[in-house]
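Asker: what follows is a protein structure lacking sequence information:
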């Protein structure tokens, strides 16, 4: 590599990267973590995010200081035939808009993180012959990764076993799944004090995603009074269920021993994980990675309608490693979730062992590994 190319890569001058990411937080936050890693290694790099005009990326990406351009793409709506009639039209429009934006921006590489948003972006990059890479968060890869893996220059996986589901043309890296800032770095004692929780009681964190999960919430409602008699509770309900949950807890008499923090949504998940002793949650890829980074055991409730059943694959992987216990959606509203929560709260050794098993699965430097792979790709292409 000549000295000019070396200086460009070292300083980040003229480096331009495009991320096709979004639709869900599970596809967006890993891309944001990699983008931060790129800016840390190459301070002068220019980064552009392409995402859905309807997704959370529209607001989250600019708030994180990155340029965002929208695409008309939207996700497939399961069980709604008429609602999907215009889907192909939005895919074609998104492909042509991606090609226009890539031609104008002229990136050195284009990265997708799976999901419907990254499909047209990566296809546009391949048609225009830009270097490409894809990052897969789940144990069982999504359909975009399964299609694109045979064409892109690099594939970054979170789990070694995922490779058996793919036909891969380019380089393969076992990089892990990058997590949001601050996960696993919080001082627990200070956070407990700051949140007004009782330090002499364990804390249970319950959530079902940014919009909540009605089945989970309704189950918690059945035994929330008993739960607050034994533990603190952080309950992220989603906006639709918050009034009902808040009213129920505020009207409990006598006042329970444990303290309750009930929110619609909380963007400080580093604090939520940081004070938790046990988590009850879905099994999305980012959630699983954040559990491992935080060293937390969990009761995992896979979303039954996740694409290709990937949440069940994720949950089984954690359960097999000893880091989680699975409760299926059909078992909610019955005795099993309640019994498991109380059994685990009383079993300090089992909780500690689950946390240790979870921590062994963590890849704290996942973003740095992906940036290193990207650097190798840029070096190779610069010689070519």
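Answerer: That came through, no problem. Remember, it's a predicted structure, so these values are computed and weren't measured experimentally.

Asker: now residue 250: phi and psi?
Answerer: phi -70, psi -20 (degrees, to the nearest 10).

Asker: what number of residues lie near it?
Answerer: The local packing of residue 250 (other CB atoms under 10 Å) involves 11 other residues. Heads up, the C-betas are built off the backbone N, CA and C, glycines and all.

Asker: and for the one 4 residues further on?
Answerer: Neighbour count for residue 254, taken as other CB under 10 Å: 5.

Asker: go on, residue 87?
Answerer: 15.

Asker: ok, and the closest non-adjacent residue to residue 293?
Answerer: residue 184 (4.3 Å; CB to CB, 6 or more residues apart in numbering).

Asker: contact partners for the one you found?
Answerer: 270, 273-274, 293-295, 362, 364 (CB atoms under 8 Å, 6 or more residues apart in numbering).

Asker: which residues are in contact with the biggest strand by length in the chain?
Answerer: The longest strand of the chain (DSSP state E) is strand 46-52. In this structure, residues lying in contact with strand 46-52 by CB under 8 Å, 6+ apart are 15-23, 28, 31, 35, 38-39, 57-58, 61, 66-71, 73-75, 98, 101, 105, 107, 116-117, 121.

Asker: which parts of the chain are strands?
Answerer: 16-20, 46-52, 67-71, 109-112, 132-136, 154-157, 171-174, 203-207, 232-236, 260-263, 278-281, 298-300, 324-326.

Asker: how about the ones you listed in TSV, adding mean neighbour count and distance to residue 383?
Answerer: Listed next are those as TSV, based on neighbours: other CB atoms under 10 Å; distance: least, CB to CB, whole Å:
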stretch	mean neighbour count	distance to residue 383
strand 16-20	27	18
strand 46-52	25	22
strand 67-71	18	29
strand 109-112	28	15
strand 132-136	28	17
strand 154-157	26	16
strand 171-174	16	15
strand 203-207	25	47
strand 232-236	24	49
strand 260-263	19	51
strand 278-281	23	45
strand 298-300	26	45
strand 324-326	21	45
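
Asker: so for residue 352, which of these sits nearest?
Answerer: Counting by CB to CB, residue 352 lies closest to strand 278-281 out of those; the figure is 11.2 Å.

Asker: contact partners of the closest one?
Answerer: 202-208, 216, 220, 273, 287, 291, 296-301, 337, 341, 344-345, 351.

Asker: domains in the protein, by residue range?
Answerer: 3-177+364-383, 188-360 (automatic domain parsing).

Asker: which of those has the lowest mean pLDDT?
Answerer: For those, the bottom mean pLDDT is recorded on domain 3-177+364-383, which sits at a mean of 89.

Asker: now do the helices in the stretch 101-250 of the chain.
Answerer: 115-127, 143-148, 188-195, 214-228, 242-250 (DSSP state H, counting those that start in this stretch).

Asker: how close does residue 369 get to residue 242?
Answerer: As judged by CB to CB, to the nearest Å, residue 369 and residue 242 stand 38 Å apart.

Asker: buried ones in stretch 163-180?
Answerer: 163, 165-166, 170, 172-173, 175-180 (16 or more other CB atoms under 10 Å).

Asker: endpoints of that stretch, how far apart?
Answerer: 25 Å (CA to CA, to the nearest Å).

Asker: check stretch 158-174 too.
Answerer: Taking CA to CA as the criterion, the two ends of stretch 158-174 lie 6 Å apart.

Asker: what's residue 318 in contact with, if anything?
Answerer: Taking CB under 8 Å, 6+ apart as the criterion, residue 318 is in contact with 283, 288, 291, 298, 300, 324, 358, 361.

Asker: want to throw these into JSON lines with distance to residue 317?
Answerer: Formatted as JSON lines, the contacts of residue 318 follow (distance: CB to CB, whole Å):
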{"residue": "283", "distance to residue 317": "9"}
{"residue": "288", "distance to residue 317": "8"}
{"residue": "291", "distance to residue 317": "12"}
{"residue": "298", "distance to residue 317": "12"}
{"residue": "300", "distance to residue 317": "10"}
{"residue": "324", "distance to residue 317": "9"}
{"residue": "358", "distance to residue 317": "11"}
{"residue": "361", "distance to residue 317": "8"}
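
Asker: now flag whichever of those is closest to residue 260.
Answerer: For the contacts of residue 318, the closest approach to residue 260 (CB to CB) belongs to residue 298, at 19.7 Å.

Asker: what pairs with the closest one across the strands?
Answerer: residue 279, residue 324 (DSSP bridges).

Asker: that one is in contact with residue 290, isn't it?
Answerer: No: the criterion here is CB atoms under 8 Å, and residue 298 misses it with residue 290 at 10.2 Å.

Asker: which residues do those two both contact?
Answerer: Joint contacts of residue 298 and residue 290 (CB under 8 Å, 6+ apart) do not exist.

Asker: still on that earlier bit, mind checking how far the longest strand of the chain is from the chain centre?
Answerer: 18 Å (CA atoms, centre = their mean, to the nearest Å).

Asker: coming back round to it: mind putting the strands of the chain in JSON lines, distance to residue 374 included?
Answerer: Output for the strands of the chain, formatted as JSON lines (distance: least, CB to CB, whole Å):
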{"stretch": "strand 16-20", "distance to residue 374": "8"}
{"stretch": "strand 46-52", "distance to residue 374": "12"}
{"stretch": "strand 67-71", "distance to residue 374": "18"}
{"stretch": "strand 109-112", "distance to residue 374": "6"}
{"stretch": "strand 132-136", "distance to residue 374": "7"}
{"stretch": "strand 154-157", "distance to residue 374": "8"}
{"stretch": "strand 171-174", "distance to residue 374": "10"}
{"stretch": "strand 203-207", "distance to residue 374": "32"}
{"stretch": "strand 232-236", "distance to residue 374": "33"}
{"stretch": "strand 260-263", "distance to residue 374": "36"}
{"stretch": "strand 278-281", "distance to residue 374": "31"}
{"stretch": "strand 298-300", "distance to residue 374": "31"}
{"stretch": "strand 324-326", "distance to residue 374": "31"}
